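Asker: Sharing a model that was predicted from the sequence below.
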Amino acid sequence: MLQTFSSIIDFDVQTKSIRGAINPLANQVAIMSSYYNKKKSVKSRKLLQHAKHVNEICYELIKFAREVAKEHPDVEYELNQACNRTCDVYNVMKMKIEGDDKHDSAGTIIDIAKQLINNVARILIVTDSADLILIDKTIEDVKQCLKAVEQCIEFCDLDEIFQKLRSIMDTLMKQIASRQMDLLDTQKKDELGLVRSMWMRCKDRLYTSSRVAIVHPELESGVTNRNLVLQEINESIKKLQAIIKGRASSESQSKAGILASCFEEFEVSVIFANKMKREQQALLQNNLAMIIKEASSIAESASTREERQQNIHRLCKDCEMLLNVLIHSNPDCNNDKHIEKICWTTGQLRHYLQLATLDHIDDFYFLPHIPFQWLYSISAEGAKDKNQLRESEQEMVQHVLNLEMIARMACSLSVESYHNKVVRFAIANIANLVKQVVFATRSLANQPKSELIKKNMDVYKKAWSKELNNLVEAVDEITPVNEYLYISISHAEENVELISQILDAEFSYQNENNDGEKNWADLDQTVDALINRTYRVLNVIREERRKVVDERYLGNDPVMGRCHHLAKYTLVETKKLCDEIVKEGKPKKDALKKKSGDVVSQLLKLQVAFSKATTRCDAYIESFYAECDSTEHELNRNSLSIAVDKPLQTCLKICAILKVVVSNVKSGDCIQHWPVVVQKLKELNAETGALDFCVRDIITNGRSSAVKADLIMEYSGRIVECSRHALSVAMKDMSHYVCYGELFVSILSSAKTIISHIPEIYKGCLLSSSKRKKVFKK
């Protein structure tokens, strides 16, 4: 058996480049070990050949390391020492290879080869540290520039400092990108990606806030705003230095939510609850106690509806009671039904917790921009009332805290580890930004006519909109769509019922007091809530449809048609009726009631249409798998010609590759699996090219008719074109927030075309085979 890489190399290899340089040497040593294990003899000719090859590669790496040492004085001494030690082992190996001493066993040579490779690994690690030293030096230059920005008091000096800072940061970003591509640890790669995105987010804010701080030094809010941006950049740079030194924070780890993990662990462990030891039973009870504590916290939150609150409390009590009964039951009895009941109860509890979380998401996430808009409008007017400005600031900070709390609540119940990490990053970004926004608006309130402060505020408006949208999209990714639609529509029904109550109350008050004033603020607010809630539902459905329907065919999609009608006509007419009642005093109570009811009824119809369309998409994927299976069966059934064995094997490989591609593309963690998709599509490209070559060779040398031959070669050329198209589509750049639906549809349609043409191509190969043509016809 060949030895593994880790059994040969004693060092912790962290980069792809070092592993790529060591792998050929490790493979040679593994082959040498296999010879030794087989023959148990003295030096053999093949073993010496491999040892000589190892020595030659090591000599080239030593020469390369000597050149690196000359270019990098910081690691010159250590690198030369490592090279000298490696040269000593190299010379010993050379003597063993060239010598005629019969006492030198194969095991001795293999041990020296392993020692040589470990010394080479040490050289490569020291060489790699030279790149880290360069990054560290660039970081020190960045710190000096940031300190100069903080101490700058002249407007003309700021542009010069920023020009230098941008140049150094661009160099640092390139170095980080190169390091990120080379690392093997995905956690550290994600950390580096976060540092790179930090500079892209902060550079404009730092420049505009620094200009404000220099021009308006009397404004304490402007100086604090700049210092907060500098603090965010410095914290990211500290994280970068920690990563370079080999440490990564636990915040960036991809993991399932706390509640989701507790539920999974509980449901697995409860099967053996009555057979456990007391200590293990106590751990299981503690696990359930933690679930109940978190569930009670969610149930008592402000937006949880009373019905769900009661169900959560009832199910928590049921779980606790059932577990106690199970623990004290007889281990020899059959408790399968009792265990099944516990699992069903915990499943129901998880379901109601998910619905309670969706209550919060729907209440807070359908109008996330309103507090910022209110704060900005007050600041832009000069904020004559300081108390009003403070209240709007507090409301905005509290709103962000609520968004963060709800996002963490959604993460705790989600098993999507990758998307949980994206949500945590979005939370951290918006938590840093909200403090800066508050001080930027204070500066605007103090100097509302200053052009510099207005430009600074415009930068923050764009940044706030972007980060808030990122958070909403990230939370949407871990939110189950069907449950969200159910909750949102039920909340829309609450809005319609409240509209009806307000209208009845106001018009009855008007009839009793003809001269009394009517308060329509509640009506206007409730109608706006219904409309904005509906717009958010429509946006969610549109995004989901874009994931599975090609952009070219969205205009003919029935679900998108219903969304368009509801947004363009029903909601507009509802708002128009509300304005006529509130602003003009027209008695259109019944018309508004009917129109608001129409909004809910159309939402219900839209939900049904969306559900059916989603089911059809899943059925389409299942039909693809069925078509793959039938194609494989037909290929195996028609494999009669020895002359076309190669096309047969190639066709079967293509079917297998397509199955893997589609299974990865349709999965929930598609972006995380995307490298696998790209790799499989590259394999598909190679296989379709090989099949096309074989087909043309067989048809050219066979005796098929010209029309049939042209058709078969056209099919063959088409599958090559489809595989190339799928690969080019998959190679597009995909960031964290890119919807992969269009790519999914393009790849799936290419896969369907390939699968549909493969049987015809293979039959054409069989008919063109002169050896078994008659057999196939029979």
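Answerer: Cool, the structure landed.

Asker: what about the nearest residue to K341 once chain neighbours are set aside, how many neighbours?
Answerer: Spatial nearest neighbour of K341, excluding adjacent residues (CB to CB, 6 or more residues apart in numbering): L322 at 6.3 Å. C-beta coordinates here come from the backbone N, C-alpha and C atoms, glycine included. Each residue near L322 was counted by other CB atoms under 10 Å, and the total is 20.

Asker: which residues does L322 contact?
Answerer: The neighbours of L322, taking CB atoms under 8 Å, 6 or more residues apart in numbering as the test, are H338, K341, I342, T345.

Asker: In helices, which of those appear?
Answerer: Among those, DSSP state H puts H338, K341, I342, T345 in helices.

Asker: most neighbours, which of those residues?
Answerer: Top of the ones in helices among the contacts of L322 by neighbour count (other CB under 10 Å): I342, with 24 neighbours.

Asker: Remind me which helix or strand the residue nearest to that residue when sequence neighbours are not counted belongs to.
Answerer: Distances taken as CB to CB, 6+ apart place L322 nearest to I342, at 4.7 Å, with adjacent residues excluded. For L322, the element it lies in under DSSP states H and E is helix 306-327.

Asker: do the same with R19
Answerer: helix 16-39.

Asker: State the next helix or strand along the chain beyond that helix.
Answerer: helix 45-71.

Asker: average model confidence for that next one?
Answerer: The pLDDT scores in helix 45-71 average 76.

Asker: Low-confidence stretches in the stretch 201-350 of the chain?
Answerer: Residue ranges of the stretch 201-350 of the chain with pLDDT under 70: 246-256, 273-276, 331-332.

Asker: Would you mind measuring from Y569 to V599?
Answerer: To V599, Y569 is 11 Å away according to CB to CB, to the nearest Å.

Asker: For the two, indicate the residue with more neighbours.
Answerer: Neighbours per residue (other CB under 10 Å) separate Y569 from V599, with V599 holding more: 24 against 12.

Asker: What helix or strand is the more buried one located in?
Answerer: Here V599 is assigned to helix 589-637, by DSSP H and E.

Asker: pLDDT averaged over that helix - what is it?
Answerer: Mean predicted lDDT for helix 589-637 stands at 74.

Asker: Helix or strand for G382, just tell me which one.
Answerer: Judged by DSSP H and E, G382 forms part of no helix or strand.

Asker: Give the closest residue to it in space, chain neighbours not counted.
Answerer: Per CB to CB, 6+ apart, closest to G382 is P448, 4.5 Å.

Asker: That neighbour belongs to a strand, doesn't it?
Answerer: No: read with DSSP: H, G, I helix; E, B strand; the rest coil, P448 is coil and lies in no strand.

Asker: so who does it touch?
Answerer: With CB under 8 Å, 6+ apart, P448 has these contacts: S379, A380, E381, G382.

Asker: how about these in a markdown table, adding distance to H419, neighbour count and pLDDT?
Answerer: Shown next, in a markdown table, are the contacts of P448 (distance: CB to CB, whole Å; neighbours: other CB atoms under 10 Å; pLDDT from 0 to 100):
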| residue | distance to H419 | neighbour count | pLDDT |
| --- | --- | --- | --- |
| S379 | 35 | 23 | 89 |
| A380 | 36 | 14 | 87 |
| E381 | 40 | 14 | 84 |
| G382 | 43 | 14 | 79 |
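
Asker: Buried residues in the helix or strand hosting A505, which are they?
Answerer: If you go by DSSP H and E, A505 is part of helix 481-512. Within helix 481-512, the residues scored as buried using 16 or more other CB atoms under 10 Å are 484-485, 487-496, 498-500, 502-503, 506.

Asker: now I109: how far from K164?
Answerer: From I109 to K164 the distance is 56 Å (CB to CB).

Asker: re earlier: among the contacts of L322, which two are most distant?
Answerer: Farthest pair in the contacts of L322 (CB to CB) is H338 and T345. Separation: 10.7 Å.

Asker: Turn the ones in helices among the contacts of L322 into CSV, including distance to T441.
Answerer: Shown next, in CSV, are these (distance: CB to CB, whole Å):
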residue, distance to T441
H338, 59
K341, 55
I342, 52
T345, 49
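
Asker: of those, closest to V229?
Answerer: For these, the nearest to V229 is T345 (50.2 Å; CB to CB).

Asker: Quick one: residues contacting the closest one.
Answerer: Contact analysis of T345 by CB under 8 Å, 6+ apart lists L315, D318, C319, L322.

Asker: go on, E404?
Answerer: I427, I430, A431.

Asker: Just say helix, strand or coil for it.
Answerer: E404 ends up helix, using three-state DSSP.

Asker: hmm, back to that, what is the helix holding A505 packed up against?
Answerer: Secondary-structure packing of helix 481-512 (3 or more CB pairs under 8 Å, 6 or more residues apart in numbering; DSSP states H and E): helix 336-364, helix 521-548, helix 589-637.

Asker: What lies in contact with stretch 223-241?
Answerer: Here stretch 223-241 has contacts from 135-136, 139, 142-143, 146, 149-150, 176, 191-192, 194-195, 198-199, 202, 205-206, 209-210, 212-213, 217, 249, 432, 435-436, 439-440, 443, 456, using CB under 8 Å, 6+ apart.

Asker: Enumerate the positions of that stretch that are buried.
Answerer: 223-226, 228-230, 232-233, 236-237, 239-240.

Asker: got the CA coordinates for that stretch in CSV?
Answerer: Extracted as CSV, the C-alpha positions of stretch 223-241 are listed here (Å, rounded to 0.1, in the frame of the first residue of the first chain):
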residue,chain,number,x,y,z
VAL,A,223,-13.8,63.9,13.7
THR,A,224,-15.5,61.0,15.5
ASN,A,225,-17.0,59.8,12.2
ARG,A,226,-13.5,59.7,10.6
ASN,A,227,-12.0,58.0,13.7
LEU,A,228,-14.7,55.3,13.5
VAL,A,229,-13.8,54.5,9.9
LEU,A,230,-10.1,54.4,10.8
GLN,A,231,-11.0,52.1,13.7
GLU,A,232,-12.8,49.7,11.4
ILE,A,233,-9.9,49.6,9.0
ASN,A,234,-7.3,49.1,11.8
GLU,A,235,-9.4,46.2,13.2
SER,A,236,-9.4,44.5,9.9
ILE,A,237,-5.7,44.9,9.5
LYS,A,238,-5.2,43.4,13.0
LYS,A,239,-7.2,40.4,11.8
LEU,A,240,-5.0,40.2,8.7
GLN,A,241,-1.9,40.1,10.8
